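[1] sequence unknown, structure follows:
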DNA sequence: GTCTATAGGCTGATAGAC
DNA sequence: GTCTATCAGCCTATAGAC
């Protein structure tokens, strides 16, 4: 998992992981810096040595989560032909990343909602805007492929790509709510689950012959 | 919308709505009791006259949101034959309720995540467990209908009902994240959107002939 | 790099006036 | 029913020791 953290010191990486877990369990505001430090048996001082503020720490966690998602989905996109095959591969990679980076993706989901951070410096505002933009770019990849699939006739044209994408992605993203790491250990079980989810979304509930 | 609030005084009802909006915008922990009171141009004292604590206020908002959802879905269920037709009607009603009770349903979504309220009294713990149970009962309605649809062959049997339901419902529930009341005014526009979402989930992305 | 100590601000909850 | 005043606790962030 090292890759998504790029170049980070040991402590910094451990803090990021601890923060992701705390934010997932209790949410941003209910998590104290002491909670994060305590989780790796350190104290507040260490956190403030590595991060400027609690919000910057949150942003870093978000960035790691989005980076993991973007890389996985972009890579999967290239393995298949444009259109429906690409979308299918993207969704499967997307789901697997949701499981592997569970805590981080939970934070990403929170971040989407938290437009209103009480007080943001202008630097933080810029960072925040970039994170929102990265989320839009991910969705844009999907919209492009769905539009291509509509053009080649493999996806029905009577629903706007943006609506279809939001709906389908919701099915994947919502897994942060109900999926638990304990539930299914091992890559094999995760792959089976991811494929069932993707199949449900691509083929629909209804069976036709 | 009065119905879902059952018997409530005027002030109490306004406070519930204000609380739902605050919790939606800032989240439970970031919302202060003063924020809620200020939104209806009142003060803290009023809130504590009507509700025992901030957490009880949250629980009441959650209860209203879940009640609205349960009633709408249960009613829709009866309008169609068991199995796929029932599921389709349930999803459409579900989506429409997500829009109509947007702020409340946003809080319900938060509530699912907040397992760990720092300090709950035993009474609060019981209330909380009942709210979680009400959520499970809603999902159970869907699982039952999907299983019936698998039995009559209208839904493929190769995905467990619980997985299919969680995936499909995710597509609907996630709309609290991206849908905004300003976006589409009027019942007509909402109905069109709801039907596009449901169609995407029932028929799938892929088109077949 | 990591820790301790502490300042300073905010907020949940209560008491009591009107 | 609604408001004002206030307390007690917690938590972010900083300063400075080691």
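    Perfect, I can see it now. What you see is a predicted model, and the numbers here were worked out from it, not measured in a lab. Numbering: from 1, shown residues only, chains lettered A, B, ... in the order given.

[2] For the residue in chain A that DNA strand C sits nearest to, give me its contacts.
    Going by C-beta to the nearest atom of the strand, DNA strand C is nearest to residue A:45 of chain A, at 2.2 Å. All C-beta atoms are positioned from the backbone trio N, CA, C, and that covers glycine. Contacts for residue A:45 (C-beta atoms under 8 Å, 6 or more residues apart in numbering or on different chains) come out as none.

[3] Show the pLDDT at it.
    Residue A:45 is assigned 97 on the pLDDT scale.

[4] now do residue A:4
    Confidence score, pLDDT, at residue A:4: 74.

[5] centroid residue for chain A?
    With distances taken as C-alpha atoms, centre = their mean, chain A has residue A:105 as the residue nearest its mean C-alpha position (3.9 Å).

[6] my guess is that one contacts residue A:65, does it?
    Yes: at 5.1 Å, residue A:105 and residue A:65 qualify as touching, with contact defined as C-beta atoms under 8 Å.

[7] buried ones in the worst-scoring helix or strand of chain A on mean pLDDT?
    None of the helices or strands of chain A scores lower by mean pLDDT, DSSP states H and E than helix A:102-113, at a mean of 92. Within helix A:102-113, the residues that qualify as buried are A:102-111, A:113, counting by 16 or more other C-beta atoms under 10 Å in any protein chain shown.

[8] So whichever helix or strand comes after that helix, near chain B or not?
    Proceeding N to C from helix A:102-113, the next assigned helix or strand is helix A:122-151, under DSSP states H and E. Yes: legend: contact between helix A:122-151 and chain B by C-beta under 8 Å from any C-beta of the partner chain is shown at A:146, A:149.

[9] Please list all residues in contact with residue A:5.
    Going by C-beta under 8 Å, 6+ apart, residue A:5 touches A:13, A:16, A:64.

[10] How about the first one: what's its closest non-neighbour residue?
    Spelled out, that is residue A:13. residue A:5 (5.3 Å; C-beta to C-beta, 6 or more residues apart in numbering or on different chains).

[11] same question, residue A:20
    residue A:103 (3.9 Å).

[12] returning to that earlier point: which of the contacts of residue A:5 has the largest number of neighbours?
    For these, counting by other C-beta atoms under 10 Å in any protein chain shown, the largest number of neighbours falls to residue A:64: 26 neighbours.

[13] mind listing the helices for chain A?
    A:10-26, A:33-39, A:44-50, A:54-78, A:84-100, A:102-113, A:122-151, A:161-173, A:175-178, A:186-203 (DSSP state H).

[14] which residues are contacting the least confident helix or strand of chain A?
    Helix A:102-113 is contacted from outside by A:17, A:20-21, A:23-24, A:27-28, A:58, A:61-62, A:64-66, A:68-69, A:97-98, A:131-132, A:135, A:173, A:176, A:179, A:181, B:27, B:177, using C-beta under 8 Å, 6+ apart.

[15] Show me the shaky parts of chain A.
    Scanning chain A for pLDDT under 70 picks out the ranges A:1-3, A:6-7, A:115-118, A:183-184, A:209.

[16] interface residues of it facing DNA strand D?
    A:31-34, A:44-45, A:48, A:52-55 (C-beta under 7 Å from any atom of the strand).

[17] My guess is residue A:51 contacts residue A:60. True?
    Yes: using C-beta under 8 Å as the test, residue A:51 is close enough to residue A:60 to be in contact (6.8 Å).

[18] Now do residue A:171 against residue A:33, distance only.
    35 Å (C-beta to C-beta, to the nearest Å).

[19] Repeat that for residue A:88.
    42 Å.

[20] And for residue A:146?
    For residue A:146, the distance to residue A:33 - C-beta to C-beta - is 42 Å.

[21] what do you get for residue A:67?
    24 Å.

[22] before we move on, back to that, please indicate which of the contacts of helix A:102-113 are buried?
    Judged by 16+ other C-beta under 10 Å, buried ones among the contacts of helix A:102-113: A:17, A:20-21, A:23-24, A:27-28, A:58, A:61-62, A:64-66, A:68-69, A:97-98, A:131, A:135, A:173, A:176, A:179, B:27, B:177.

[23] circling back: and of the helices of chain A, who's closest to residue B:185?
    For residue B:185, the closest of the helices of chain A is helix A:161-173, at 17.0 Å, according to C-beta to C-beta.

[24] Do the closest one and chain B come into contact?
    Yes: for helix A:161-173 and chain B, the contact criterion (C-beta under 8 Å from any C-beta) is met by A:163-164, A:166-173.

[25] mind listing what's buried in that helix?
    A:161, A:163-173.

[26] Which strands or helices does that helix pack on?
    helix A:84-100, helix A:122-151, helix A:186-203, helix B:161-173, helix B:175-178, helix B:186-203 (3 or more C-beta pairs under 8 Å, 6 or more residues apart in numbering or on different chains; DSSP states H and E).

[27] Which other helices and strands does the longest one contact?
    The criterion is 3+ C-beta pairs under 8 Å, 6+ apart, and the helices and strands that helix A:122-151 contacts are helix A:54-78, helix A:84-100, helix A:102-113, helix A:161-173.

[28] Just put the ones you listed in TSV and tack on distance to DNA strand C.
    Formatted as TSV, these follow (distance: least, C-beta to the nearest atom of the strand, whole Å):
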stretch	distance to DNA strand C
helix A:54-78	12
helix A:84-100	26
helix A:102-113	18
helix A:161-173	29
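
[29] Looking at the ones you listed, which is nearest to residue A:192?
    Short answer: helix A:84-100, nearest of these by C-beta to C-beta, at 11.0 Å.

[30] one step back: among the residues of helix A:161-173 next to chain B, which one lies nearest to DNA strand D?
    Among these, and counting by C-beta to the nearest atom of the strand, the member closest to DNA strand D is residue A:173, at 26.3 Å.
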